[in-house]
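Asks: Sequence and predicted structure below; questions after.
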Amino acid sequence: MSSYRKRKSKINSVDGKNTKPGSYTNEEDALIIKLYDQYMGETNKWKIIAVKLYRGHKSIRERYVNHLDPTIDRSDFTNEEKNEINNLQNNPEYFRKWAEIAKRISVNRKQGRRTELQVKNYWNSKERSQKRKNKRSYERIHNIMNVNHIVN
């Protein structure tokens with residue numbers, strides 16, 4: 001067995017037992033929420049929950065923080081939030097620091113907080129759409145100018 005495989009199986013174990021791979025079920029999500037409420041004050045709550053679910057503590061924390069937390073605002077970004085994300089992304093200090101940007105735009109919100117995943121997905125979607133738009137513009141100009149005719 002390669003050292004990578006050994007390392008990987010060691011990382012994905014809880015108390016010597018292998019963890020479950022794959023997507024979370026609705027039952028697991030409900031159990032995570034219940035156990036989070038039960039162990040809220042504990043410093044190592046994610047590890048305690050991980051042992052009970054046979055999942056990695058980092059995976060459980062990420063699942064709760066980005067998907068299950070009731071304080072997450074799932075509505076569309078406002079224009080002010082979009083502008084702030086754009087401004088922060090253009091600032092070298094915050095470039096691709098999704099968690100920092102999410103904290104900044106969540107500070108004075110009344111509806112709930114934004115997750116780093118929401119911010120990252122918004123930005124990457126915007127970038128992808130901008131690239132498509134630029135590509136279409138290039139192709140349109142290329143066809144109008146009939147570059148092949150000019151070159152030949």
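Replies: On my side now, so go ahead.

Asks: For the lengthiest helix in the chain, list every residue counted as buried.
Replies: Determined from DSSP state H, the single longest helix within the chain is helix 116-145. Judged by neighbour count using 16 or more other C-beta atoms under 10 Å, the buried positions of helix 116-145 are 116-120, 122-123. C-beta coordinates here come from the backbone N, C-alpha and C atoms, glycine included.

Asks: I'd like those as CSV, with distance to residue 47 and pLDDT appended.
Replies: Putting the buried residues of helix 116-145 into CSV (distance: C-beta to C-beta, whole Å; pLDDT from 0 to 100) gives the following:
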residue, distance to residue 47, pLDDT
116, 22, 94
117, 22, 95
118, 26, 95
119, 27, 95
120, 26, 95
122, 32, 95
123, 32, 94
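
Asks: so can I have TSV of these showing distance to residue 130?
Replies: Formatted as TSV, the buried residues of helix 116-145 follow (distance: C-beta to C-beta, whole Å):
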residue	distance to residue 130
116	21
117	20
118	19
119	17
120	16
122	13
123	11
